[in-house]
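*Asks:* Pasting the sequence and the predicted model now:
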Amino acid sequence: MSKIVLILLWLAIVVVGSMVIWYYPANRIPPAPDTLELRTARYFQSLHNQPDRLQAFLKSMPKGADLHTHLSGAVYAETFVSWAAQARMCVDPTTFVVSKKCRGKTPVRFSKDLSKNDPVFYRKLIDAWSTRNWEQSGKTGHDQFFVTFGRWGELTARSGEMLAEVRSRAAEGNVSYLEIMLTPDGGESKKLGDCPKWQEDFSLMRQKLLKAGLVAKVVAAGKKNLDQAEQKANEVLRCGQAQPDKGCEVETRYIFQVGRTNAPGQVFAQMLGAFEFASHDTRVVALNLVQPEDNPTAMKDFTLHMRMLDYLHSIYSRVHITLHAGELAARLVPPEALLFHIRESVQTGHAERIGHGVDVMQETNAEQLLQEMAARNVMVEICLTSNDVILEVRGDKHPLRQYLAAGVPVALATDDEGVARSEITREYLKAVEDHNLGYLEFKRMARTSLQYAFIDGESLWKDFRTPELTSACSTDRLESNTVSAQCQQFLNDNKKAALQWRLEKNLVAFEQQHQ
């Protein structure tokens, strides 16, 4: 080849290269492939100034799981009022405490027409039994939230009907899986914790409790209570009958809650009961510590509780742990109380998921903690409405963006949707309004919720970060109406993967409708 030809070829390369650089400068990238996902994301972006259509979009979006919801707090006050009327109970008009015993300061007897006969009192009652209009209660959102539970506590015996309401509302919000916090043994383990004198010898305490029959009592009571609750819920939802409620399709598991404000012996006994029950009944998949984290007893015993978990985890390593941690704000506790709760929950308490995690940026070496959580794949259950009402942490003050930037897995959850007057779609809407999240981030969160769910079975994803489908389904296309025999067998054998497959199919159908 002559020198002239080489020179001309070189000049041509330079010219073409210059044109490419001019057309795609450093701040401009070539357009991405026009996929269903990206078209849906653009459509979602176009709705930001159309609140009604944005709400409808988010409601119809498949959301995967709600992994952080308390059974009693998920029931709306209106439901409790109707149950109180059915039972002809009374309520003290001063304290708003409901009771079967109609005595005290001129108790107001419920009637089925209370909302019509005395609408003013009815509105006051709904406010008192929830955080609706909490700004007018004379209390902080924190105090109004926690005081409500003592007002309608006698009504929470109807666990089956409560479960039906939660499942039905989840289905309306296109949630396919729930992990619900409750006390399945009805407090049997807590009672047993009163018997042996407390000693910080965890092995000895465990032996004494087991010798006292803790396993038999907790498992028997828990199994009976869950069986009855699920049977009643299925009756209410008309599962297996004509025109069943959509809540019948919501897969449900339970988290054994342990009261962190109790005496050490009671806390240890409840923890032991939770680990043992979860080892005997697959419906209970984990345990969690509940009640206000800023309570003086909970604050004083926090490290002790983590050490209890560390010991019990060494024996029951297959039982999952998710912990309320960092549900704190500077105005609630001294500065030193904000320095270590999340870290200790992860490092000592073996938490695989963290509930709330609001004060993470105030912990010692916060950036390093975020990196550790990302490396360990510790997921954070984000409850925006709850954090707003209880802690007055919202918008830029909330660490959601910090978690996302650090690569920490997160998913939205409802916490106590009845008390907080919310539901899963409103949590998504609040994430748009307060954090300007987009469709791709929501889709990632929905997938994350099932990836980190404690339900049994292997994941659909070989590499969730990609995501790359597991080898059994690697040749299958989510857009197709058929499933290979190998993939179908894998889905039959793994409940988690089956739920993830269902989510992916629903997301494809959703994106085909919204582009």
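*Replies:* Thanks, I have the structure now. Predicted model only: the values in this text are computed from it and were never measured.
*Asks:* since we're on L210, how many residues are nearby?
*Replies:* 14 (other Cβ atoms under 10 Å). Placement of C-beta: from N, CA and C, glycine included.
*Asks:* Which pLDDT value belongs to it?
*Replies:* Per-residue pLDDT puts L210 at 97.
*Asks:* and what of D92?
*Replies:* 89.
*Asks:* That one touches R103, doesn't it?
*Replies:* No. If you go by Cβ atoms under 8 Å, D92 and R103 don't touch, sitting 9.4 Å apart.
*Asks:* more neighbours, these two?
*Replies:* For D92 versus R103, neighbours defined as other Cβ under 10 Å are more numerous around D92 (17 against 8).
*Asks:* That one and S111: what is the separation?
*Replies:* 16 Å (Cβ to Cβ, to the nearest Å).
*Asks:* Please apply the same query to S345.
*Replies:* Relative to S111, and taking Cβ to Cβ, S345 is found at 47 Å.
*Asks:* which one of the two has more residues nearby?
*Replies:* S345 (27 against 13).
*Asks:* Tell me where the stretch 101-250 of the chain has helices.
*Replies:* Under the criterion DSSP state H, counting those that start in this stretch, the stretch 101-250 of the chain contains helices at 114-117, 119-128, 141-151, 159-172, 188-192, 202-211, 214-237.
*Asks:* could I get those as CSV with distance to A325?
*Replies:* Output for the helices of the stretch 101-250 of the chain, formatted as CSV (distance: least, Cβ to Cβ, whole Å):
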stretch, distance to A325
helix 114-117, 40
helix 119-128, 30
helix 141-151, 17
helix 159-172, 24
helix 188-192, 22
helix 202-211, 21
helix 214-237, 25
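*Asks:* Please identify which of those is closest to A413.
*Replies:* helix 159-172 (11.1 Å; Cβ to Cβ).
*Asks:* List the contacts of the closest residue to D493 other than its chain neighbours.
*Replies:* Excluding the flanking residues, the one nearest D493 by Cβ to Cβ, 6 or more residues apart in numbering is G457, at 7.1 Å. G457 sits next to 493-498 when contact means Cβ atoms under 8 Å, 6 or more residues apart in numbering.
*Asks:* mind giving me the domain split of the protein?
*Replies:* Per automatic domain parsing, the structural domains of the chain span 1-30, 40-60+438-515, 64-71+165-437, 72-155.
*Asks:* Least confident of those, on average?
*Replies:* Among the domains of the chain, domain 1-30 scores lowest, with a mean of 46.
*Asks:* quick revisit: which among the contacts of G457 count as buried?
*Replies:* 494-498 (16 or more other Cβ atoms under 10 Å).
*Asks:* In helices, which of those fall?
*Replies:* 495-498 (DSSP state H).
*Asks:* Let me know the closest of those residues to A330.
*Replies:* K496 (38.4 Å).
*Asks:* Thought F454 was touching the closest one, still the case?
*Replies:* No. Look at K496 against F454 with Cβ under 8 Å: they stay out of range, at 9.0 Å.
*Asks:* what about the closest residue in space to Q451 that isn't next to it in sequence, neighbour count?
*Replies:* Distances taken as Cβ to Cβ, 6+ apart put F464 closest to Q451, at 5.3 Å, once the chain neighbours are dropped. Around F464 there are 16 other residues, counting by other Cβ under 10 Å.
*Asks:* State the distance from F464 to T414.
*Replies:* The value you get for F464 to T414, if Cβ to Cβ is used, is 24 Å.
*Asks:* now do H320
*Replies:* H320 is 20 Å from T414, by Cβ to Cβ.
*Asks:* The two - which one has more neighbours?
*Replies:* Between H320 and T414, T414 has the larger neighbour count (other Cβ under 10 Å), namely 31 against 22.
*Asks:* That one: what's it in contact with?
*Replies:* 66, 68-69, 74, 383, 385-386, 420, 422-424, 427.
*Asks:* same thing but at 7 Å, please
*Replies:* Taking Cβ atoms under 7 Å, 6 or more residues apart in numbering, we find T414 in contact with 66, 69, 74, 383, 422-424, 427.
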